[in-house]
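Engineer: When you get a sec, could you give me coordinates for this:
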Amino acid sequence: MHITRYNPFDFAAAQAFRLLDEALPRLAEPSATRPWTPSVDILETENDLVIQADLPGVKQEELDIRVENGALSLKGERKFVQKENEKGYHRIERSYGTFSRTFTLPDTIAPDGVQASFRDGVLTVTLPKKEVAKPRQIKVEVSN
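Structural biologist: Prediction:
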């Protein structure tokens, strides 16, 4: 039995150019929507867990924020809008399309008091902690 080592680049040049011709238009088309992932910061304070997500260009109506089954889900869409007089883009680096982020929440979060605000392209979700999870200071007395 003869063993042949697989080489993914060992095919005819015609096949390579065919694959390239099929892939390039999909990648270069600016209106094609591709999933993207917004950057987030997660901060824990004494009373809350705060999640801030950068969502420039996303409209508030396009956001879906849910807390269910111990998870926080952020979903939305940033649409590519090309005006008729804006033709001939040289470069498109910003991502467009739908996004989805899900964060598992600790048991110490009170889901009933969740608040969200959206200002200057930054979504801030404040998740309050349950009273049992908040740190408390206990005074210890020393006996002689």
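Engineer: roughly how far apart are Leu123 and Glu46?
Structural biologist: Per Cβ to Cβ, to the nearest Å, Leu123 is found 22 Å from Glu46. Backbone N, C-alpha and C define where each C-beta goes, glycine included.
Engineer: Neighbour count: the two, which is higher?
Structural biologist: Higher neighbour count among Leu123 and Glu46: Leu123, with 21 against 7, using other Cβ atoms under 10 Å.
Engineer: Show the backbone phi and psi for the nearest residue to Gly57 once chain neighbours are set aside.
Structural biologist: Among residues not flanking Gly57 along the chain, Arg78 sits closest, at 4.9 Å (Cβ to Cβ, 6 or more residues apart in numbering). Main-chain dihedrals, Arg78, degrees, to the nearest 10: phi -110, psi 120.
Engineer: Kindly report the same for Tyr96.
Structural biologist: Residue torsions, per degrees, to the nearest 10, at Tyr96 are phi -130, psi 160.
Engineer: was I right about it contacting Val81?
Structural biologist: No: Tyr96 sits out of contact with Val81 when judged by Cβ atoms under 8 Å, with a separation of 9.1 Å.
Engineer: Next, Asp112: secondary structure please.
Structural biologist: Judged by DSSP: H, G, I helix; E, B strand; the rest coil, the three-state class of Asp112 is helix.
Engineer: burial count for it?
Structural biologist: When neighbours are counted by other Cβ under 10 Å, Asp112 comes out with 8.
Engineer: ok so, going back, okay, Tyr96 and Val81: which has more neighbours?
Structural biologist: Neighbour count, other Cβ under 10 Å: between Tyr96 and Val81, Tyr96 has more, with 19 against 9.
Engineer: Identify the residue spatially nearest to that one, adjacent ones excluded.
Structural biologist: Residue nearest to Tyr96 in three dimensions, not counting chain neighbours: Phe80, with 4.1 Å by Cβ to Cβ, 6+ apart.
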